[in-house]
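Participant: Got a sequence here, can you build the structure:
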Amino acid sequence: LTDLADYLGAKYGGWHELAQTYGRRFNSRAWLGLPMGGTTSPVVYRASWVKEAGFDGIPNDLDAFLRLCQGLKRIGRPCGFALSHAPGDAPAYANWLLWSHGVSLVDEQGKVSLDTPATLRALDYARALQETMIPGTMAWNGASNNRAFVAGEIGLTQNGVSIYYSLKTAQDAAQNAVAADTEHAEMPYGAATKAPETALTLNAMVPRYTRAPNAAKEYLRFMMEAPQYDAWLTGCLGYWSQPLKAYGDSAVWSSDPKLKVYSAAMDTPFYEGYKGPITPATGAVAENWVVVDMFARVVTGQQRPADSVREAVRAAQRHYRT
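Facilitator: Below is the predicted model:
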């Protein structure tokens, strides 16, 4: 799909970094897929409760973020992040813990690189943050944090736009009032230079075995052109973000200031398996919850940080060696 990707990139301001990561062969200019968009999980929070806890917004410093969560617990409005096997939510949180401490799963050559002092610091931080959370997060599923936020049980979590959208469009004045008090912000950077978040990415591909490759590519071109793509993006109401930079000017991002943070979902260097090539091992490590469980064992007191790191390294190496 290189010719199609080059055409669209030239016409629509170039591709965001994450789109290039998922669209191109590793360390190559050859495009194997055409990323259609991505969805991310920034901070979703109750502005009035954050203010009551002593902060005007979400701090970008990890120590200050911990103090904010401690303050929310003190006023009875705790935070909540999943370290269970909740699809999407738990990996997003665990990866943020890694990346905000300057840690990567593997290096550029695909060698497991978890065994560092920075990983131990990330685990200690996760343990401290866990103490500020609402009880029960270790048993959360993918909808639990949404329900807890809507019910007013937590004042801060990490999620896509779905929480805000459900509150804003509810046929209930009380929920509409919660929507008015709901804000979004990037997760704290810590040691990262960009928001340490990634995006679940839709990747369109044309199999070699298709009987109509030219028609398939033409369909993808048609769908990515402005008249079709912007209508789709606007209809997603902030849940999906664009891979092509020009669509950052779409009216959907100015239709509601609270959606703006989602517009940069694909403007990130981070991805599952960062910093190495995306391989079957990358998917296997994610599918088997290696990083999530590394943190979960520590915050629940099952293992000491160093022991949990060693177990995670062994688990990851089993996949990266095959």
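Participant: got the end-to-end distance for stretch 107-115?
Facilitator: One end of stretch 107-115 to the other measures 12 Å (CA to CA, to the nearest Å).
Participant: how about it: buried residues?
Facilitator: Neighbour counts over stretch 107-115 (16 or more other CB atoms under 10 Å) mark 110, 112-114 as buried. C-beta: built from backbone N, CA, C; applies to glycine.
Participant: could those residues go into a markdown table alongside distance to D249, pLDDT and secondary structure?
Facilitator: Below are these laid out as a markdown table (distance: CB to CB, whole Å; pLDDT from 0 to 100; DSSP: H, G, I helix; E, B strand; the rest coil):
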| residue | distance to D249 | pLDDT | secondary structure |
| --- | --- | --- | --- |
| G110 | 37 | 94 | coil |
| V112 | 41 | 97 | strand |
| S113 | 38 | 97 | coil |
| L114 | 39 | 97 | coil |
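Participant: Widest-spaced pair of the residues you listed?
Facilitator: G110 and L114 (13.0 Å; CB to CB).
Participant: burial count for Y7?
Facilitator: By other CB atoms under 10 Å, the residues close to Y7 number 12.
Participant: which residues in the stretch 201-322 of the chain form helices?
Facilitator: For the stretch 201-322 of the chain, the helices defined by DSSP state H, counting those that start in this stretch occupy 213-224, 226-235, 280-287, 290-299, 305-320.
Participant: any idea how far A177 lies from R77?
Facilitator: 15 Å (CB to CB, to the nearest Å).
Participant: Looking at those two, which one has more neighbours?
Facilitator: Shown here are A177 and R77; by other CB under 10 Å, R77 has more neighbours (21 against 11).
Participant: The more buried one: what secondary structure?
Facilitator: Three-state assignment for R77 (DSSP: H, G, I helix; E, B strand; the rest coil): coil.
Participant: Likewise for N141?
Facilitator: Secondary structure, three-state DSSP: N141 is coil.
Participant: Check the spatially closest residue to it that is not a sequence neighbour and give its pLDDT.
Facilitator: Among residues not flanking N141 along the chain, A86 sits closest, at 5.3 Å (CB to CB, 6 or more residues apart in numbering). Looking at A86, its pLDDT reads 95.
Participant: Repeat that for the one 10 residues further on.
Facilitator: Reading off the per-residue confidence, W96 sits at a pLDDT of 98.
Participant: Export the helix or strand where it lies to PDB, keeping only CA atoms.
Facilitator: Secondary structure from DSSP states H and E places W96 in helix 89-99. Output of helix 89-99 as PDB, limited to C-alpha atoms (Å, rounded to 0.1, in the frame of the first residue of the first chain):
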ATOM      1  CA  ASP A  89      -8.100  -0.500  30.500                       C
ATOM      2  CA  ALA A  90      -5.500  -2.600  32.300                       C
ATOM      3  CA  PRO A  91      -2.900  -2.600  29.500                       C
ATOM      4  CA  ALA A  92      -3.300   1.200  29.100                       C
ATOM      5  CA  TYR A  93      -2.600   1.800  32.700                       C
ATOM      6  CA  ALA A  94       0.300  -0.700  33.000                       C
ATOM      7  CA  ASN A  95       1.900   0.700  29.900                       C
ATOM      8  CA  TRP A  96       1.500   4.200  31.200                       C
ATOM      9  CA  LEU A  97       3.300   3.200  34.400                       C
ATOM     10  CA  LEU A  98       6.200   1.800  32.300                       C
ATOM     11  CA  TRP A  99       6.500   4.600  29.800                       C
END
